[in-house]
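> model the following, please.
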Amino acid sequence: MSSNLLIAVPQLTGPFFAKSIVLIVDNSNQGSTGIVLNQPTNHRISELNESLKESRRRNDRLFLGGPVDPSAAIIVHDEAYQGPDTKTIVAGMALSTSLESIQAITQSESLAFRCFIGYAGWAAGQLEAEIALGNWLLNPIIPELILTDQPERLWDTVLNEMGLDPLTIGHGAFD
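Numbers count the residues shown, from 1 in each chain. Predicted structure coming up:
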């Protein structure tokens with residue numbers, strides 16, 4: 001399941017996961033970790049740390065990556081940047097979490113990235129159980145959509161790419 005997108009079914013509600021697209025970045029027998037890709041906030045990168053107030057990309061918007069540890073910053077970026085904490089997600093895309101990496105990336109005028117606060121997490125077996133219950137759909141990562149310039153349309157876009165109509169998916173869709 002690692003390197004997949006989780007797509008919330010229409011019946012999944014709540015402040016964090018309604019119409020969410022989650023990038024799974026780690027899945028092991030200890031549990032799963034993901035980043036919600038389509039929840040922009042009204043906050044800016046400059047608000048993360050005093051050292052980012054003068055960065056070139058200080059006014060880029062922060063995204064809410066999930067409900068776990070909202071003080072954690074995760075930056076998903078083009079893999080052209082490689083720091084000591086960088087982890088490849090899929091060919092062409094990576095993530096980093098250190099302040100050093102965030103400082104370096106936000107100084108670039110051309111590097112594609114998105115910065116998230118918090119992440120989504122599931123205990124061992126929990127996500128698999130939620131998928132089995134029909135709360136989530138799985139789809140391979142669509143790299144060009146990870147950093148889309150229309151994050152508010154990402155859920156609809158991914159369902160369209162999958163050839164699915166929101167009215168016909170999820171538990172109870174045919175009742």
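> what's the helix or strand of the chain with the lowest mean pLDDT in contact with?
Within the chain, judged by mean pLDDT, DSSP states H and E, the helix or strand with the poorest mean is helix 143-146; its value is a mean of 88. Identification of contacts with helix 143-146 by Cβ atoms under 8 Å, 6 or more residues apart in numbering yields 21, 23, 37, 76, 89-93, 114, 154, 157-158, 161. Using the backbone N, CA and C atoms, a C-beta is placed for each residue, glycine as well.
> can we see that at 6 Å?
Residues from elsewhere that reach helix 143-146 (Cβ atoms under 6 Å, 6 or more residues apart in numbering): 90, 92-93.
> among the residues you listed, which are located in strands?
Filtering these for membership in strands, criterion DSSP state E, returns 90, 93.
> kindly reformat the contacts of helix 143-146 as a markdown table containing distance to residue 101.
Written out in a markdown table, the entries for those read as follows (distance: Cβ to Cβ, whole Å):
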| residue | distance to residue 101 |
| --- | --- |
| 90 | 18 |
| 92 | 17 |
| 93 | 14 |
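> the contacts of helix 143-146, buried ones only, as a PyMOL selection?
PyMOL command restricting those to the buried ones, with burial defined by 16 or more other Cβ atoms under 10 Å:
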select buried, resi 90+93
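> out of the contacts of helix 143-146, who's nearest residue 49?
Distance to residue 49 across the contacts of helix 143-146 (Cβ to Cβ) is lowest for residue 93, with 23.4 Å.
> can you give me the buried ones in stretch 130-145?
Taking 16+ other Cβ under 10 Å as the neighbour-count basis, stretch 130-145 is seen to contain the buried residues 130, 135-137, 139, 141-142, 145.
> now do the helices in this protein.
According to DSSP state H, the chain carries its helices in the segments 99-105, 126-132, 143-146, 154-161.
> and these, which is most packed in?
Ranked by mean neighbour count, the helices of the chain are led by helix 99-105 with a mean of 19 (mean count of other Cβ atoms under 10 Å).
> pLDDT (mean, whole number) over that helix?
In this model, helix 99-105 has a mean pLDDT of 95.
> hmm, who's touching that helix?
Where contact means Cβ under 6 Å, 6+ apart, the residues beyond helix 99-105 that reach it are 51, 75, 77, 81, 83, 85, 111, 113.
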